[in-house]
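S.K.: Return a 3D structure for these sequence lines:
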Amino acid sequence: MFAGTTLLFTVAAEAAEEASKSEGLPQLDPNHFTGQLFWLAVTFVALLFVMSRIALPRVGDVLDERRDRIKRDLDSAGRLKDETDKALANYEKALADARANASGIAKETREKLAAETEAERQRVDAQIAVKLQDAEARISATKSKAVSAIGDIATETARAVVSRLIGQDVSPDEVKKVLRPAPGE
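M.R.: The predicted model follows:
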């Protein structure tokens, strides 16, 4: 290994000596053009072969895959948009149906409550009418009783007044005869 390193240094030193002896750059020396052109052509052909057989097909495959992926993504996005539009239309239809149904239920409930209220009002009116008839009957009975009692009270009052005025007791029948209206009045 040590010997290989020394040999390398020796070759490098000789190349440096030879380069210092010649004037200018070897690339620009017309004596070296044919060799340079040959190796340029060989390198270009080799690079062209490597590029056309290995690198460019890989780049083409990547571009094709990318184009296919973009196409799939666009197709998927279009399909999802269609599904979303369909779901939105179904939602709006369901919402409209629900509103119509709620409106129908509200109308039905209002009608039912109105009917129940009307029936209850009629029942209460009937009860009030019965109570009014009972009250009128009681009022009539009380009025009759009061009217008949007025006669008795008037008789008693007149008897008390007469007995105070004349100092004698008068019978209730006699007072009633006097208090009775005359025929024709």
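S.K.: can you give me the helices in the protein?
M.R.: In the chain, helices defined by DSSP state H lie at 2-21, 33-50, 56-166, 172-179, listed in chain order.
S.K.: closest to Gln27 out of these?
M.R.: Nearest of those to Gln27, taken as C-beta to C-beta: helix 33-50 at 6.9 Å. For glycine as for every other residue, the C-beta is placed from the backbone atoms N, C-alpha and C.
S.K.: relative orientation of the closest one and helix 56-166 in degrees?
M.R.: 40 degrees (axes from the mean of the first three to the mean of the last three C-alpha atoms, to 10 degrees).
S.K.: Output the contacting helices and strands for helix 33-50.
M.R.: On a contact count with 3 or more C-beta pairs under 8 Å, 6 or more residues apart in numbering; DSSP states H and E, helix 33-50 meets no helix or strand.
S.K.: And it, what's buried?
M.R.: Residues of helix 33-50 include none that count as buried (16 or more other C-beta atoms under 10 Å).
S.K.: for the record, mean pLDDT for it?
M.R.: Helix 33-50 carries an average pLDDT of 94.
S.K.: again, but for stretch 75-85
M.R.: pLDDT averaged over stretch 75-85 gives 95.
S.K.: Identify the residues contacting the residue lying closest to Gln168 once chain neighbours are set aside.
M.R.: Using C-beta to C-beta, 6 or more residues apart in numbering and skipping residues adjacent in sequence, the residue nearest Gln168 is Val162, 7.9 Å away. Neighbouring residues of Val162 by C-beta atoms under 8 Å, 6 or more residues apart in numbering: Gln168, Val170, Val175.
S.K.: what's the closest of these to Ala94?
M.R.: Ranked by distance to Ala94 (C-beta to C-beta), those are led by Val175 at 93.5 Å.
S.K.: rewinding a little: just name the most buried of the helices of the chain.
M.R.: Most buried of these, by mean neighbour count (mean count of other C-beta atoms under 10 Å): helix 172-179, with a mean of 13.
S.K.: okay, that one in CSV with CA atoms only?
M.R.: This file holds the C-alpha atoms of helix 172-179, laid out as CSV (Å, rounded to 0.1, in the frame of the first residue of the first chain):
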residue,chain,number,x,y,z
PRO,A,172,-154.1,40.0,61.2
ASP,A,173,-157.2,39.1,59.2
GLU,A,174,-158.7,42.5,59.7
VAL,A,175,-155.5,44.2,58.6
LYS,A,176,-155.3,42.0,55.5
LYS,A,177,-158.9,43.0,54.6
VAL,A,178,-158.0,46.6,54.7
LEU,A,179,-154.7,46.2,52.8
